[in-house]
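**Student:** Coordinates for the following, if possible.
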Amino acid sequence: MALCGSRALVGGCSPDTSTSRRGLLSMLPESACTFYNNRSKSSDGCQKASMSLKNKGPPNTNATYGYFVYEVGKRWCSNFPINGLGSREFHNSSTCFSAGTAHDVSFDNFAPEEQLSSSTDSSDQKITDAKSLKLSSGSCYLPHPDKEDTGGEDAHFICVNEQAIGVADGVGGWADHGVNSGLYSRELMSNSVTAVQEEPKGSVDPARVLEKAHSSTKARGSSTACIIALTEQGIHAINLGDSGFIVVRDGCTVFRSPVQQHDFNFTYQLENGVNSDLPSSGQVFTVPVAPGDVIVAGTDGLFDNLYNNEITAVVVHAMRAGLGPQVTAQKIAALARQRAQDRDRQTPFSTAAQDAGFRYYGGKLDDITVVVSYVTSSSDA
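**Tutor:** As a prediction, this is how the structure comes out:
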């Protein structure tokens with residue numbers, strides 16, 4: 001994440017000598033998810049859940065949110081609480097998988113037909129009534145290596161019964177003011193969970209959720225936010241800032257939420273103060289979905305380091321291999337981290353930096369949060 005609302009700058013790359021533009025800011029990272037109700041040690045920050053519109057369980061038993069607290073060399077993870085849940089309310093619960101590299105996915109000689117292309121015809125034919133759909137979701141969080149001791153500045157949640165997910169990315173510029181913006185992003189996501197649980201069953205309004213969560217968040221700092229819910233109209237989402245999501249269908253990226261920035265590396269952000277952008281500034285989307293679609297949400301640690309076709313390529317390979325959403329999230333996050341550490345490859349961030357007049361090449365090391373949701377038919381439960 002880049003600038004905080006106070007317009008603080010943190011140098012990160014050298015501007016062109018011919019320009020007087022500001023230097024790059026240290027953008028702070030992505031989200032980590034833990035289940036507050038049942039925290040346990042594990043090997044990484046990855047998790048999996050399934051969400052269905054037909055769930056009839058109590059509203060407050062399946063919200064998962066929070067952040068991973070890290071010890072040096074260790075990561076925390078937790079399982080979804082399953083007390084009081086029958087097999088019809090909760091499917092595919094699991095512990096964390098160890099995060100491996102995406103060694104079986106190569107992009108240097110990647111087949112053109114698996115890259116970004118148009119699929120309007122198949123998209124129109126596949127749309128299904130969302131009442132018959134469910135989401136099976138998994139997530140993975142890789143904090144910036146320098147922030148493992150504090151867990152980084154991201155947060156995200158998965159509400160199983162309510163069919164909602166969210167990610168938030170604390171703004172790194174606050175560190176210059178002695179503020180850990182991760183406290184803000186975590187409280188924002190926690191309050192989002194509360195707001196989601198107050199929504200009508202099967203009709204979660206992400207914009208209303210974000211409005212309520214923002215008004216209730218009092219921590220110092222600022223954050224981006226992206227909240228997505230499965231409704232009768234498809235997926236309903238709001239995105240504010242440079243986090244976001246894509247929808248993959250038939251090996252093609254058929255939707256990508258736009259980035260909202262005031263300037264290069266100066267993202268829209270929510271804050272408890274006068275400098276805040278408003279939740280109403282967020283962009284609202286309704287995207288029809290069908291069985292077989294894959295939703296990939298993440299923070300800028302993902303989208304600054306991987307192009308859409310690279311993310312889609314991992315999804316295609318994972319689906320062909322029969323991998324679940326959690327493992328897919330792991331592989332996407334691992335590839336994003338690989339790209340972030342590669343100084344010899346063009347990335348979305350380096351492209352944007354060059355377009356803004358900066359001399360910059362390679363990836364951007366950052367927190368990386370990835371949430372993957374498979375759209376399937378409820379009859380597959």
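**Student:** Describe which strands the helix or strand harbouring S136 pairs with in its sheet and in which direction.
**Tutor:** Secondary structure from DSSP states H and E places S136 in strand 133-142. In the sheet containing strand 133-142, its partner strands are strand 45-52 (antiparallel), strand 368-377 (antiparallel), by DSSP bridges.
**Student:** Give the buried residues for the last one.
**Tutor:** Of the residues in strand 368-377, those with enough neighbours to count as buried (16 or more other Cβ atoms under 10 Å) are 368-376. The way it works is simple: take the backbone N, C-alpha and C, and place the C-beta from them, glycine included.
**Student:** Serialize the residues you listed to a markdown table and add fields for pLDDT and distance to S139.
**Tutor:** Supplementary listing: those in a markdown table, determined by pLDDT from 0 to 100; distance: Cβ to Cβ, whole Å:
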| residue | pLDDT | distance to S139 |
| --- | --- | --- |
| I368 | 95 | 11 |
| T369 | 96 | 7 |
| V370 | 97 | 6 |
| V371 | 96 | 4 |
| V372 | 95 | 7 |
| S373 | 97 | 9 |
| Y374 | 95 | 13 |
| V375 | 94 | 16 |
| T376 | 87 | 17 |
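**Student:** Whichever strand or helix holds V284 packs against which elements?
**Tutor:** Under the criterion of DSSP H and E, V284 resides in strand 283-287. The criterion is 3 or more Cβ pairs under 8 Å, 6 or more residues apart in numbering; DSSP states H and E, and the helices and strands that strand 283-287 contacts are strand 234-240.
**Student:** contact partners of the strand it packs on?
**Tutor:** 127, 130, 204-207, 209-210, 224-230, 245, 247, 257-258, 260, 268-270, 277, 279, 281-289, 295 (Cβ atoms under 8 Å, 6 or more residues apart in numbering).
**Student:** Okay, angle between the strand holding V284 and strand 234-240 too, please.
**Tutor:** 160 degrees (axes from the mean of the first three to the mean of the last three Cα atoms, to 10 degrees).
**Student:** Mind checking what helix or strand follows strand 283-287 in sequence?
**Tutor:** Strand 283-287 is succeeded, C-terminally, by strand 294-298 (DSSP H and E).
**Student:** what does that next one contact?
**Tutor:** Contacting residues not belonging to strand 294-298 are listed as 30, 135, 165, 167, 226, 228, 235, 243-249, 289, 302, 311, 315, 319, 325, 328, 332, 368-375 [Cβ under 8 Å, 6+ apart].
**Student:** Buried ones from those residues, can you make that a ChimeraX selection?
**Tutor:** This is how ChimeraX selects the buried members of these, with burial counted by 16+ other Cβ under 10 Å:
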select :30,135,165,167,226,228,235,243,244,245,246,247,248,249,289,302,311,315,325,328,332,368,369,370,371,372,373,374,375
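**Student:** between the strand holding V284 and strand 294-298, how many degrees?
**Tutor:** With the same axes, to 10 degrees as the criterion, the two stretches strand 283-287 and strand 294-298 enclose an angle of 160 degrees.
**Student:** Show the average pLDDT along strand 283-287.
**Tutor:** Averaged across strand 283-287, the pLDDT comes to 97.
**Student:** do the same with stretch 256-266
**Tutor:** Along stretch 256-266, the predicted local confidence has a mean pLDDT of 96.
**Student:** same deal with stretch 360-367?
**Tutor:** When pLDDT is averaged along stretch 360-367, the result is 96.
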